[in-house]
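Q: Could you look at this predicted model? Sequence included:
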Protein chains: 2
Amino acid sequence: MLSIKFKNNRLFYLDQTELPVKEVWRECKAASDGYIAIKQLRVRGAPLIGVFAGYVIFIAAKSFPCQRKLFLKHFFATIQHIRSSRPTAVNLFWALERIEKAVSQCFSGDGRYIRQIILKEAINIHHEDINLCAHMARYGVSLIKNGDNILTHCNTGFLATSGVGTALAVIYKAHKQRKHIHVYVDETRPLLQGARLTAWELVKKRVPCTLICDNMAASLMWRGLIDKVFVGADRIAANGDAANKIGTYNVAVIAYYHRIPFYVVAPFSTFDLTLSSGSRIPIEQRSGEELLRLFSKTAIAPRNVAVYNPAFDVTPASLISAIVSDKGIVHPPYKQNIQKLLRK
Amino acid sequence: MLSIKFKNNRLFYLDQTELPVKEVWRECKAASDGYIAIKQLRVRGAPLIGVFAGYVIFIAAKSFPCQRKLFLKHFFATIQHIRSSRPTAVNLFWALERIEKAVSQCFSGDGRYIRQIILKEAINIHHEDINLCAHMARYGVSLIKNGDNILTHCNTGFLATSGVGTALAVIYKAHKQRKHIHVYVDETRPLLQGARLTAWELVKKRVPCTLICDNMAASLMWRGLIDKVFVGADRIAANGDAANKIGTYNVAVIAYYHRIPFYVVAPFSTFDLTLSSGSRIPIEQRSGEELLRLFSKTAIAPRNVAVYNPAFDVTPASLISAIVSDKGIVHPPYKQNIQKLLRK
């Protein structure tokens, strides 16, 4: 199972807005294709956006003038353009900075040469992401016991990364180890990444699962049917506050009330130590249309009602039992322990 | 604004499954029409179901044989049939019992005569419901201050009663008193009663409102944008535990965590003192299809995934700040105070 493919210098992506009804692969042929794919959530998931963005710069660079100065001018403009596609997930900025840094360290050579540098770094980021996923799974699986019922929100699997995933990778690992687990999947309104993507992945992987509406999780917890919560993250501040798909904070509060462990799984590239706390994470506001019409078609509310539609919320560190990263599991106090971990 | 009409001995209802796109009125011509209307949620809202059921029995009785014994046989069978349409809201059973009691007290007379008794009682229940709504609004409005931001879940207005509503009636009253309020409306998955019905009502009534997904409420509370929560109830046990639309318990937990008052508004007919606690309230399980396809059409999840779809959850009394009824506001301790109130 793959979410993007890079083959013969061409970049393809599975259009996630078409799932689960159709599996449509599209080619990204220019920067504008890449921008739209990210903006419209055809390619989504914090780590995947980072990997994809690296390749997008390479694809875009095909059409840059070969003369060094002109090439660099186009390069930096394109970096800026792709950077503006989504504001919350830090992995996008992190990947673009890596590409930028690699290019900045290349003091001579024409466009053709610099393009190879870009490609090399994009491939590095890609391979690294695959490894990060495997490491997170390895560390995180120690938190799952035989018989656990696990709640998850949004999508954090194959479709959110270029590897096996973040939170879902931990779940896949537990399933592979033949721990008898059951996954409850929040459908994750408004864009239904849980229903469309996570349920689709879990069914394909034959992991026992049950789909629920986001508002049903508390009732399951009350009945003692949830043992643990695993979610991903789009950006984690220095103090452990974590931005993730809207509704995650809701899950964290109800888990806390029912004394259920709440775990965040994210690679080191999701941490943003320049932000002291989660209140400084910019939150993307999306179009109200996402709540008024399903898939931009079927009306589900009166046309003229006001809508509040943030794409993310921030879960305070105090509600997070532990953060699983590719370098190990971080426990509170997060401020010190995150710094220690990232220095590894 | 009306949800049902009874005119010239004919019963009409606004088909709520067609809202907000179309306002379709249908006639209920037989018991089977009434059963389907309730079962398929064309007519919904605990108090409205009760009122509607009374008239359905009258309509059904048109086709019963006139001979007393035969009439009564059909009558009791129809009561049983309509009673089985939905299991959680107690108002349905309460209304049917009232009709039954009225008929039982009528020791002579043929079918034609008994039908008039049924009609009289159905009209009584209807007029009573209109008054109950007005009383709840009058008591509840004292809880709303100028400038309050109020969260509500599901639909508890005109469309849920035959009067102005329960929780929404309180909000309408505050708006009428020119208190500057703003209502945040949970869309209320899976059947979107908030988006389709409550938003539609509030826009029509020009009450300032904003539609949100159910999973966004916690993020609003975190930002200090919710001052109070008002919801309805389908059945309230003797200890104050309240069954209401799925997701209500979720809202109660997050409100409690953020120290936001959580109010339940329901008429006396919603209380069921035969049940000592909420754990004894039967919870209707609905078809998984409601999560897999929107409006039985558009697929939003893989077809073969398991689904958990309870129509209601139970909010424990400990999370309820007060219950607003038509007889006054009940505060904890609920066990004693509910009994006192209902004796009034």
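A: Structure received.
Q: Show me the contact partners of the helix or strand hosting A:Leu151.
A: Counting by DSSP states H and E, the element that carries A:Leu151 is strand A:149-152. Under the criterion Cβ atoms under 8 Å, 6 or more residues apart in numbering or on different chains, residues A:144, A:167-168, A:171, A:181-186, A:194, A:198, A:217, A:220-221, A:225-231, A:251, A:255 lie in contact with strand A:149-152. Heads up, the C-betas are built off the backbone N, CA and C, glycines and all.
Q: sec struct for A:Met221, please.
A: At A:Met221 the chain is in helix, as set by DSSP: H, G, I helix; E, B strand; the rest coil.
Q: hang on, it packs against A:Ala255?
A: Yes: using Cβ atoms under 8 Å, A:Met221 is in contact with A:Ala255, at 7.0 Å.
Q: What about A:Lys22, how many residues nearby?
A: By other Cβ atoms under 10 Å in any protein chain shown, the residues close to A:Lys22 number 8.
Q: Test for you: state the pLDDT assigned to it.
A: Per-residue pLDDT puts A:Lys22 at 95.
Q: residues near the residue nearest to A:Ala218 when sequence neighbours are not counted, how many?
A: Distances taken as Cβ to Cβ, 6 or more residues apart in numbering or on different chains place B:Asn250 nearest to A:Ala218, at 3.9 Å, with adjacent residues excluded. Neighbour count of B:Asn250, defined by other Cβ under 10 Å: 30.
Q: and B:Asn250, what element?
A: Assigned by DSSP H and E, B:Asn250 falls in helix B:248-257.
Q: now A:Lys69
A: A:Lys69 belongs to helix A:68-83, assigned by DSSP H and E.
Q: Report the distance from stretch A:295-305 to the chain centre.
A: 27 Å (Cα atoms, centre = their mean, to the nearest Å).
Q: how about it: buried residues?
A: A:Ile300, A:Ala301, A:Pro302, A:Val305 (16 or more other Cβ atoms under 10 Å in any protein chain shown).
Q: Kindly report the same for stretch A:52-69.
A: A:Phe52, A:Ala53, A:Gly54, A:Tyr55, A:Val56, A:Ile57, A:Phe58, A:Ile59, A:Ala60, A:Ala61, A:Phe64, A:Arg68.
Q: Of these, which belong to helices?
A: Judged by DSSP state H, the subset of those located in helices is A:Phe52, A:Ala53, A:Gly54, A:Tyr55, A:Val56, A:Ile57, A:Phe58, A:Ile59, A:Ala60, A:Ala61, A:Arg68.
Q: Need these in TSV (columns: distance to chain B and pLDDT).
A: Putting those into TSV (distance: Cβ to the nearest Cβ, whole Å; pLDDT from 0 to 100) gives the following:
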residue	distance to chain B	pLDDT
A:Phe52	24	98
A:Ala53	27	98
A:Gly54	31	98
A:Tyr55	28	98
A:Val56	29	98
A:Ile57	33	98
A:Phe58	34	98
A:Ile59	31	98
A:Ala60	34	98
A:Ala61	38	98
A:Arg68	47	97
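Q: Can you tell me which of these is nearest B:Asp110?
A: Using Cβ to Cβ, A:Phe52 is the member of these that lies nearest B:Asp110, at 78.3 Å.
Q: Test my guess that that closest one contacts A:Lys5.
A: No: A:Phe52 lies out of contact with A:Lys5 (Cβ under 8 Å); the separation is 10.9 Å.
Q: mind checking the SS state of A:Tyr139?
A: A:Tyr139 - assigned by three-state DSSP - is helix.
Q: quick check: angle from the helix holding B:Asn250 to helix A:248-257?
A: Angle of helix B:248-257 versus helix A:248-257, following axes from the mean of the first three to the mean of the last three Cα atoms, to 10 degrees, is 80 degrees.
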